[in-house]
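*Asks:* next input, structure requested:
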Amino acid sequence: METMDISITQVVHASGGIEKAKDFLYSYTDASTLLLLSGGNTPQALYKQLAEESLLTVGAVAMVDERYGLPFHEKSNEKMIEESGLIRYLSSTQVPFYSILEDKPLDETAADYEKMLVFLFAQFRKSIAIMGVGDDGHTAGLPAGIQSLKFKVQNEQLVTSYNDEVGRYGERITMTFKALGQVGQNVILAFGDEKRNALQKMLEAGSMDEIPARFYARPEIAKKTLLITDQKL
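*Replies:* Residues are numbered from 1 along each chain as shown. The predicted structure follows:
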């Protein structure tokens with residue numbers, strides 16, 4: 001598997017990586033851009049700075065994945081983004097924010113969000129996703145060890161859902177590899193020693209079922225991927 005086309009920016013501290021990501025966003029995005037956001041602890045500082053500086057220009061913002069539940073439940077990604085102040089900033093500039101959760105059953109919620117993504121990809125000529133890599137190699141809501149979860153995705157699906165009842169993921173709704181492949185630019189944020197092993201595996205040949213983050217090392221995806229990390233690889 002070729003990985004040489006992935007652009008890697010190494011920083012000393014996570015704070016420097018957030019600055020790099022923010023500057024890249026400012027240079028890449030405009031009113032014709034769809035911005036897709038992941039959850040987790042890593043990007044929260046980025047979202048907060050974007051809200052505070054009030055310089056971001058995009059056409060719309062949507063979600064990459066979500067923990068299923070009622071809208072804006074305490075463990076949801078959208079709640080974290082709301083607390084960062086970014087949704088309030090978007091509202092002040094009349095930029096629509098498309099969340100996933102809608103108080104419907106899991107499968108219906110996923111199906112509705114798929115329809116929304118189809119619309120958004122058709123509406124905007126540019127797209128960029130803020131992504132992360134978990135310490136087990138998962139990315140978005142795509143779990144490491146997909147086969148062991150009996151995780152099923154139809155070939156044409158942009159969004160899928162599942163319930164990992166006994167594992168770490170729980171009930172999730174997530175963009176699929178097919179949907180992520182339609183994104184024009186990926187910015188991966190990965191900071192901390194606990195991410196080193198996952199990043200090394202990401203850059204190794206092997207199954208995406210085992211390590212979903214290996215998706216970014218596919219040649220056609222690698223050339224539109226920027227990895228910002230404080231780890232030496």
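*Asks:* residues making contact with the helix or strand hosting residue 20?
*Replies:* In this structure, residue 20 sits in helix 14-28 according to DSSP states H and E. Applying CB atoms under 8 Å, 6 or more residues apart in numbering, the contact partners of helix 14-28 are 9, 11, 35, 42, 45-46, 49-50, 53, 55-56, 126, 128, 130, 185, 187, 189, 191-192, 226, 228-230. Where you see a C-beta, it was placed from the backbone N, CA and C, and this is true even at glycine.
*Asks:* and those, which of them are in helices?
*Replies:* 45, 46, 49, 50, 53 (DSSP state H).
*Asks:* residues near the last one, how many?
*Replies:* Same thing as residue 53. Look at residue 53: counted by other CB atoms under 10 Å, it has 11 neighbours.
*Asks:* what do you get for the second one?
*Replies:* Here the count is done by other CB under 10 Å, and residue 46 has 24 residues near it.
*Asks:* ok, now residue 212?
*Replies:* 27.
*Asks:* quick one: residues contacting the residue nearest to it when sequence neighbours are not counted.
*Replies:* With sequence-adjacent residues excluded and distances taken as CB to CB, 6 or more residues apart in numbering, residue 212 is closest to residue 142, at 4.1 Å. Contact partners of residue 142, counting by CB under 8 Å, 6+ apart, are 65, 174, 176, 177, 212, 215.
*Asks:* quick check: residue 142 vs residue 48, distance?
*Replies:* 26 Å (CB to CB, to the nearest Å).
*Asks:* ok, back up a step: pLDDT score assigned to the residue nearest to residue 212?
*Replies:* What the model reports as pLDDT for residue 142 is 93.
*Asks:* quickly list what it is bridged to.
*Replies:* residue 139 (DSSP bridges).
*Asks:* so which of the contacts of residue 142 are in strands?
*Replies:* 65, 174 (DSSP state E).
*Asks:* in the protein, where is pLDDT below threshold?
*Replies:* The model of the chain has pLDDT under 70 over residues 1-4, 147-155.
*Asks:* let's go with 50 and repeat that
*Replies:* For the chain, the stretches flagged by pLDDT under 50 are 1-3.
*Asks:* where exactly do the strands run in it?
*Replies:* Going by DSSP E, the chain shows strands at 7-10, 33-37, 60-63, 65-67, 97-98, 126-132, 159-164, 170-175, 185-190, 225-229.
*Asks:* and of the ones in helices among the contacts of helix 14-28, the nearest to residue 95?
*Replies:* residue 50 (11.5 Å; CB to CB).
*Asks:* start to end distance for stretch 211-222?
*Replies:* 15 Å (CA to CA, to the nearest Å).
*Asks:* can you list the buried residues in that stretch?
*Replies:* Residues 211, 212, 213, 214, 215, 216, 217, 218, 221, 222 are the ones in stretch 211-222 that count as buried (16 or more other CB atoms under 10 Å).
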